[in-house]
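In: I'll drop the sequence and a predicted model, then ask my questions.
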Amino acid sequence: MLSEWADHVIGNRPKHAFEIISHDKRPTDNDIESFIRLYILENIPNFSIEKPIIFDAIRSYIANALCIEAIDIKLTGSAKLGFSLHPDKWLKDYQKSKSDLDFFAVSEKLFNFLQEDILRWESDKNITKDGREKLDHVIRTSIERGFISTKETYKYENSKKCKSILYRACLKLNKMANEEIIPAKKINGIDIRCYKNYNYALRQIKINIKYAIDKNIETA
């Protein structure tokens, strides 16, 4: 039997299910995990719902360049869902040419590739003591949770390669769509997060969604 919340998860853009959340009406952990599997790890991104092959072409390009499987390149955020679950942009609708494309990958191979940049970071003598302490906390915490982001290791070789691939992929996406899906000024800043496996991805995305729900219930 479905929970009361799960009964409101309807269609390709189930924003209403999050609009009705309150202190006494919220999703269970199982509800959130089902939502993540169906709408984030699976499903066609909202931004390309009318031309879904565009997204598959772009994720295939990224995956081929990174030597991983296309199915393991994913998208989250408002471009994926049609609305945001970020705690500071709660339920804001996707806006073409304004919203980011939040790519992530689920690949132990890519995770290990990016871990080489962690070794470079550890031996980097140009990082100040304060900078190292800040990065140390961020990077160590993320690795413990099973993911690495090029946002933190952008200065190093493998992360630079990933960002370069994403840059070219975004240019291709705009050209393929014959419109500016991603603003030119945002393309340089696009990063990718890589999870070591799907269990880590599911767990961390669930943590993020629960945090956003709690924050927005408190301020409602």
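Out: Structure's in. What do you need?
In: Next, count neighbours for the closest residue in space to I73 that isn't next to it in sequence.
Out: Using CB to CB, 6 or more residues apart in numbering and skipping residues adjacent in sequence, the residue nearest I73 is R59, 3.9 Å away. (Glycine included, C-beta is placed from N, CA and C.) By the criterion of other CB atoms under 10 Å, R59 has 21 neighbours.
In: any idea how far R59 is from S97?
Out: 20 Å (CB to CB, to the nearest Å).
In: Is the residue nearest to I73 in a helix, a strand, or coil?
Out: helix (DSSP: H, G, I helix; E, B strand; the rest coil).
In: Repeat that for the one 5 residues further on.
Out: Following three-state DSSP, the label given to N64 is helix.
In: show me what contacts the residue nearest to it when sequence neighbours are not counted?
Out: Among residues not flanking N64 along the chain, A70 sits closest, at 7.6 Å (CB to CB, 6+ apart). Counting by CB atoms under 8 Å, 6 or more residues apart in numbering, A70 makes contact with 56, 59-60, 62-64.
In: again, 6 Å this time
Out: Taking CB atoms under 6 Å, 6 or more residues apart in numbering, we find A70 in contact with 59-60, 63.
In: Out of those, the closest to L173 would be?
Out: Closest approach between the contacts of A70 and L173, by CB to CB: R59, at 10.1 Å.
In: all helices for this structure, in order.
Out: Along the chain, counting by DSSP state H, helices occupy 15-19, 29-35, 52-66, 78-81, 108-122, 129-144, 157-177, 184-187, 198-218.
In: what's the most buried one of those helices?
Out: Across those, averaging neighbours per residue (mean count of other CB atoms under 10 Å) puts helix 78-81 on top, at a mean of 24.
In: so where's the protein uncertain?
Out: 219-220 (pLDDT under 70).
In: Redo the contacts of A70 as JSON lines? Include distance to E42.
Out: JSON lines is the format used below for the contacts of A70 (distance: CB to CB, whole Å):
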{"residue": "R59", "distance to E42": "13"}
{"residue": "S60", "distance to E42": "17"}
{"residue": "A63", "distance to E42": "16"}
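In: Once you drop chain neighbours, what's closest to I139?
Out: The nearest residue in space to I139 (CB to CB, 6+ apart) is E152, at 5.6 Å.
In: if we can go back for a sec, wait, which of the helices of the chain is closest to L91?
Out: For L91, the closest of these is helix 15-19, at 6.0 Å, according to CB to CB.
In: Which other helices and strands does that closest one contact?
Out: The helices and strands touching helix 15-19, judged by 3 or more CB pairs under 6 Å, 6 or more residues apart in numbering; DSSP states H and E, number zero.
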